[in-house]
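Chemist: test case, fold it:
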Amino acid sequence: MSISITLSLAYALVAALLLALCIGTKLSHFVKASMIILVSAFYILTWFGYRDSLGWATQASMPESFRVLWITIEDPDKRSKEPGAIFFWLRTTDEAGIPVGDPRAYKMPWSIELAEKAQVALDKMDEGEQLNGRRSNNILTDQDKSDLPEDGYEQGDTPSGEDGFSPSFDFIEIPPPSLPKKATS
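Modeler: Prediction:
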């Protein structure tokens, strides 16, 4: 049985127990209604929290260094007013640049700069190159610094770029592995 069916059955059981509690007790209508609203809110919150476990791309910040497995670019659609997005399928890398852990899908808001970098990376991957990546620490110029508020931070900066500011990434080609020399007899 799949995890989503099991979770749905567990929630149905909790709802049935709550209904039995509401019918069988002499609590006030306010307390009973509050319990029903609270349990219903937990259903909704759990579903949105659980979506990350079901394979939906996360909008959490990407790892500092990663191996790029694939990239999908969805351009903005003027007809449907969809803003567009760029999806990265990544694995975190260790200090030596070796992938560790399970792959993870990340969703970044579409921007022309990020789309161009992603397309260049896709072209290299189509040619058979393997790519690692890292988040770049964007060095601000004096002009950029003068545009920032006194504390140096834009209001509402988020790592995923939801506030309109997209993080920058550098993609690095992985050199082919050096093989040991063959022994001659």
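
Chemist: hey, which helix or strand in this structure has the poorest pLDDT?
Modeler: One helix or strand of the chain scores below all others by mean pLDDT, DSSP states H and E: helix 142-147, with a mean of 48.

Chemist: okay, which residue is most central for this structure?
Modeler: Computing the C-alpha centroid of the chain and ranking residues by CA atoms, centre = their mean puts residue 58 first, at 2.3 Å.

Chemist: could you pull out the strands in this protein for me?
Modeler: 65-74, 85-93, 99-109, 131-135, 169-173 (DSSP state E).

Chemist: would a markdown table of those strands with distance to residue 5 and mean neighbour count be doable?
Modeler: Every C-beta, even on glycine, is put in place using the N, C-alpha and C of the backbone. Formatted as a markdown table, the strands of the chain follow (distance: least, CB to CB, whole Å; neighbours: other CB atoms under 10 Å):
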| stretch | distance to residue 5 | mean neighbour count |
| --- | --- | --- |
| strand 65-74 | 29 | 18 |
| strand 85-93 | 26 | 19 |
| strand 99-109 | 23 | 16 |
| strand 131-135 | 37 | 18 |
| strand 169-173 | 38 | 15 |
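
Chemist: now the helices for the chain?
Modeler: For the chain, helices defined by DSSP state H occupy the ranges 3-24, 29-50, 112-126, 142-147.

Chemist: re the thing from before, now render the strands of the chain as CSV, adding mean pLDDT and distance to residue 118.
Modeler: Formatted as CSV, the strands of the chain follow (pLDDT from 0 to 100; distance: least, CB to CB, whole Å):
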stretch, mean pLDDT, distance to residue 118
strand 65-74, 93, 5
strand 85-93, 93, 5
strand 99-109, 91, 9
strand 131-135, 88, 10
strand 169-173, 82, 9
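
Chemist: of those strands, which is nearest residue 119?
Modeler: strand 65-74 (6.6 Å; CB to CB).
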